[in-house]
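Peer 1: dropping a prediction and its sequence here:
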Amino acid sequence: MTSSEKRKITVTYLYYKENNIRFETAQKIATKIETLLKMAGFFGNVNTENFLQNYYSLSGKTKKGGIFKLIDNAKTGNFNSFIEIVELIKNKTNDFAYFPSFLILEDSRILLIVRLLLGLSQTEFAKKLNMSKMTIEELENGYRKIKWPVTAREYSKRLEKLLSTRTISLDNINLNNVWQRWINKIKIKGSKDVGWKTIRKMGVEDFKKYFLTIKKATKDFKNFDAKLFQKTPQIISMFRILLGLTQRDLERKLNLKGRLISNYESNNYKTLSLGRSKMFAKFFESEFKNKKLQDISLNFAIEKFIEVKDSMYNHSKAALIGIKALGLTEQEKTILKNLKSIGKNNFRIEKHCSIETKRGIINTDFAIYLEDKLTAVIEATSFLHIESKKFSYNLKNRIYLTDYRFLKVKESFPGIKTFFIIDVEDNPVLKHRIKKSIMNETLAIDNVFINEEKNRISQILTFNEVK
């Protein structure tokens with residue numbers, strides 16, 4: 001009896017016994033399975049490790065083996081674990097000559113290690129594998145679990161093709177640099193709501209509570225732990241206040257671009273990488289030591305806080321004075337003339353004014369008051385250079401910014417009317433598209449007037465409607 005016949009008898013017997021079916025049916029199934037195995041080239045070449053991983057994956061079972069533990073250890077700062085992962089991959093892939101699919105099935109984060117060894121960014125890696133950046137990001141972070149072996153095999157083929165065109169340096173210095181870059185970019189999530197108020201909303205009592213918390217956490221401002229910033233990025237505002245630095249000052253000193261400090265302090269960015277956390281910890285520890293601010297007193301800290309709050313108020317006032325000094329544009333003069341034609345008693349118009357909302361001061365072009373009650377606000381702008389490449393981008397940005405400001409106003413003054421006036425090139429199709437876009441994609445703009453339509457605002461803004 002041949003080995004093929006023995007295999008067929010074994011499979012037939014298993015199906016017959018386990019599935020309670022006719023022996024003839026089991027024979028037919030066994031024949032089909034044998035054909036499939038031959039087509040796949042598995043006869044005489046069955047990999048037990050591959051088989052087991054396929055089984056775990058298809059059955060939905062989790063097998064947290066060596067790769068899983070090594071990656072977790074390496075993430076927490078264990079370089080030896082990173083070396084072990086690299087050695088494991090090297091051995092399993094025969095010095096990166098091929099890439100078995102069971103490695104991806106066991107833990108998709110293995111893709112991250114390979115990408116780091118290749119020295120590619122996520123965008124570059126995704127492009128070379130003909131995959132989306134989001135897919136790569138989800139697989140590398142373990143957010144997505146690959147269940148189907150056929151999918152893993154497809155990814156393996158693409159990786160093998162890529163590996164055949166690249167050389168991986170396993171020099172210890174290079175590996176250490178790769179590992180450092182990785183852990184410095186790892187982010188840990190803080191709590192969903194850490195409960196820290198922004199400086200604008202912070203009162204003295206809030207500040208006292210926060211001050212005592214960070215005083216204890218830093219052992220009287222002598223020991224700055226990077227994890228402190230990782231867990232609560234908003235804490236940056238407290239150290240900045242005590243050093244008397246503005247957000248822009250801090251960005252300059254740390255050579256940061258954009259509004260990163262503002263986003264960290266307002267909790268827009270809820271995570272902070274280990275590398276950046278270490279940077280903040282090192283900087284603040286050095287500054288507090290150099291300025292001899294260790295063992296700082298509560299009274300001194302409160303004085304610093306009041307200074308910062310006062311400077312913020314003066315900055316808002318100065319910005320408003322600067323806006324008023326610019327005078328009215330031709331567009332605004334037309335709007336003002338139209339508003340004055342309303343002629344109602346106790347009807348007041350304020351130009352280039354500020355409005356105090358629950359979420360800070362909002363500067364607006366026109367504020368309308370009836371009997372000293374704020375009833376409407378108007379924003380006006382013009383976009384006449386439609387040939388500009390940035391026309392669409394700039395227009396959309398202005399629309400969304402206006403909508404965001406109007407949301408703040410409506411939150412503080414329920415029932416208020418908001419109007420947006422735009423002057424553009426006199427093109428019927430363009431005007432229709434702009435109006436449709438604004439009314440469909442914004443939340444807080446009640447009405448929009450384009451070009452000559454602004455002359456109708458006096459008819460719409462009647463006493464009965466805005467009262």
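Peer 2: Now that the structure is in, tell me what you want to look at.

Peer 1: which secondary structure element contains Arg153?
Peer 2: helix 149-163 (DSSP states H and E).

Peer 1: what does Lys410 give?
Peer 2: Element membership for Lys410, per DSSP H and E: helix 391-412.

Peer 1: what about that helix, distance to the chain center?
Peer 2: Centroid separation for helix 391-412 versus its chain: 21 Å, with CA atoms, centre = their mean, to the nearest Å.

Peer 1: helix or strand right after it?
Peer 2: Immediately after helix 391-412, counting by DSSP H and E, sits strand 417-424.

Peer 1: what's the closest non-adjacent residue to the most centrally placed residue in the chain?
Peer 2: Centroid-nearest residue in the chain, with CA atoms, centre = their mean: Tyr269, separated by 6.9 Å. Distances taken as CB to CB, 6 or more residues apart in numbering place Asn263 nearest to Tyr269, at 4.7 Å, with adjacent residues excluded. The C-beta positions use only the backbone N, C-alpha and C, and glycine is treated the same way.

Peer 1: so how many other residues sit close to the one you found?
Peer 2: Neighbourhood size, Asn263 [other CB atoms under 10 Å]: 14.

Peer 1: just to revisit the earlier point, pLDDT of the helix holding Arg153, averaged?
Peer 2: Taken as a whole, helix 149-163 has a mean pLDDT of 84.

Peer 1: now swap in stretch 405-413 and tell me
Peer 2: 88.

Peer 1: what of stretch 115-133?
Peer 2: Across stretch 115-133, the per-residue pLDDT values average to 87.

Peer 1: between the two ends of it, what distance do you get?
Peer 2: 13 Å (CA to CA, to the nearest Å).

Peer 1: next one: stretch 354-367
Peer 2: Distance across stretch 354-367, first residue to last, is 9 Å (CA to CA).

Peer 1: show me where the stretch 201-350 of the chain dips below the pLDDT cut-off.
Peer 2: 258, 270, 309-327 (pLDDT under 70).

Peer 1: ranges for the helices of the stretch 201-350 of the chain?
Peer 2: Listed in chain order, the helices of the stretch 201-350 of the chain (DSSP state H, counting those that start in this stretch) span 204-217, 226-231, 236-243, 247-253, 260-265, 274-290, 298-325, 330-340.

Peer 1: tell me the contacts of the closest residue to Phe288 other than its chain neighbours?
Peer 2: Sequence neighbours aside, Phe221 is the residue nearest to Phe288 in space, at 4.7 Å (criterion: CB to CB, 6+ apart). Counting by CB atoms under 8 Å, 6 or more residues apart in numbering, Phe221 makes contact with 214-215, 242, 288, 293-296.

Peer 1: buried only: go through the residues you listed for me.
Peer 2: 214-215, 242, 288, 293, 296 (16 or more other CB atoms under 10 Å).

Peer 1: many thanks, have a good one.
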